[in-house]
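> I'll drop the sequence and a predicted model, then ask my questions.
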Amino acid sequence: MNFPVSKFRTLQTPFYYYDRRLLEATLDTINKEASRYPAFRVHYAVKANVDSTLLEIVRQSGLGCDCVSGWEIQACLKAGFQPDKIVYAGVGKSDWEIRLGLEQGIACFNVESVAELEVIDQLAAEAGTTARVALRVNPNVDAHTHKYITTGLSENKFGIAMEMLPSVIAKIKTLSHVTLIGLHFHIGSQLLKLDPFTMLCARINKLQDEVEAQGIRLRTINVGGGLGCDYDAPDENPIPDFADFFAIYADHLRLREGQELHFELGRSVVCQCGSLIARVLYIKEGVNKKFMILDAGMSDLIRPALYQAHHKIEVLTSDSSEVTRYDVVGPICESSDCFGENELLPTARRGDLVALRSAGAYGQIMASNYNCRPIPPSIW
């Protein structure tokens, strides 16, 4: 990525920088590869990044929205997305959020429990309408990813266990204001190997047969997202392998005639287009190591502290030909406020600009006001 460093020098740090050209190229690739399969429909998982400019670019590309809160639905509507391109998931939908979806006529509620089904049915009856629902099923596929972002195992707060599906479908048949249109799956996030997606297809094929045996014909299958990004080499792999990802489903999933296959891609859409830009406050000499102390911290980018994730660190303005090992840390009063240990970087000094790469997903959106710090602004 080519950073406009001269522009950065005049700006107050930290801030998030977004590369519009890379985002548009990523969206073009998604549309090109998905269009090879007429039944495929792609939604952007809004929880990855809800920057207003970014949402506008995604809307212009033609993708739909996958939301997990009423506030996200409102953000998508404000950005101009049509309600019939919005799907709504989440294990804890409140009444006002459900009513919002019903009033707007969104495409589908992805339902995660019998208790939720009953509430949606009740609220839809009060509104004099019928809610379209898909059942989120846990297919018990191990995504081999961090435990905090694994969501498809049999016993998880998300979704419905496979063995409970027949009884849940029987329950739906007793409800007058919900109509079952599909099944929904999401096995986890940041998957770098494609084998779990092949396993998911096998599970779905079996479940479809069982559902049809109950006399149910489904209009949609929603397989969520999960495709990972290269955090170690963002410039070598700026756009994930969408061709092979979509081909997995085309080759292994048995769709019925007229059935649509929906995807909810988040990280893979926006991860590489964003970077957190910070300044070096101090180079601190320790007993056995050196610390590069930045003005950005875990309140601005929490993934390293929360997930033990690593983002490539680049010193953008060093003019030194030498390299030094640093622990790169932030100013927050927490020992977990560390972006990288023993990072071999160009020798830096106070005032140098630093980029924390691959921060377009789950970066700015997860920022907080901890230590009364402001949320970093967006620069395009």
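Arrived safely. Numbers count the residues shown, from 1 in each chain.
> Which parts of the stretch 251-380 of the chain are strands?
260-265, 274-285, 290-294, 313-315, 323-329, 338-346, 353-356, 378-379 (DSSP state E, counting those that start in this stretch).
> Using TSV, lay out the ones you listed together with mean neighbour count.
C-beta here means a position set from N, CA and C on the backbone, and glycine is covered the same way. Compiled in TSV, the strands of the stretch 251-380 of the chain are given as follows (neighbours: other CB atoms under 10 Å):
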stretch	mean neighbour count
strand 260-265	23
strand 274-285	20
strand 290-294	20
strand 313-315	20
strand 323-329	19
strand 338-346	16
strand 353-356	24
strand 378-379	15
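> and residue 371, how many neighbours?
Number of residues near residue 371 (other CB atoms under 10 Å) recorded here: 14.
> quick one, what contacts it?
By CB atoms under 8 Å, 6 or more residues apart in numbering, the contact set of residue 371 is 297, 299, 331, 332, 333.
> and the gap between the third one and residue 280?
Just to be clear, that refers to residue 331. Using CB to CB, to the nearest Å, residue 331 is found at 11 Å from residue 280.
> What of the second one?
Here residue 299 is placed at a distance of 18 Å from residue 280 (CB to CB).
> so who does residue 380 touch?
Per CB under 8 Å, 6+ apart, neighbours of residue 380: 17, 18, 20, 53.
> which one of the contacts of residue 371 is nearest residue 46?
residue 299 (21.7 Å; CB to CB).
> what does the model give that closest one for pLDDT?
Note on residue 299: pLDDT of 98.
> Please renumber the chain so that the first residue is 59 from this point on.
In the new numbering, first residue 59, that becomes residue 357.
> what's the burial count for the nearest residue to it once chain neighbours are set aside?
Spatial nearest neighbour of residue 357, excluding adjacent residues (CB to CB, 6 or more residues apart in numbering): residue 428 at 4.3 Å. Using other CB under 10 Å, residue 428 has 15 other residues around it.
> Per-residue pLDDT of residue 428, please?
98.
> I'd say it and residue 390 touch.
Yes. Using CB atoms under 8 Å, residue 428 is in contact with residue 390, at 6.6 Å.
> quick one: common contacting residues for the two?
356, 357.
> isn't residue 387 right next to residue 396, touching?
Yes. If you go by CB under 8 Å, residue 387 and residue 396 touch, sitting 4.9 Å apart.
> Tell me which residues touch residue 124, please.
Residue 124 touches 101, 102, 103, 104, 145, 147, 283, 322, 324, counting by CB under 8 Å, 6+ apart.
> The nearest residue to the last one once chain neighbours are set aside: neighbouring residues, count only.
What it means is residue 324. Nearest residue to residue 324, sequence neighbours excluded (CB to CB, 6+ apart): residue 103, at 3.0 Å. Residue 103 has 27 neighbours, counted by other CB under 10 Å.
> any idea how far residue 97 is from residue 103?
Applying CB to CB to residue 103 and residue 97 gives a distance of 20 Å.
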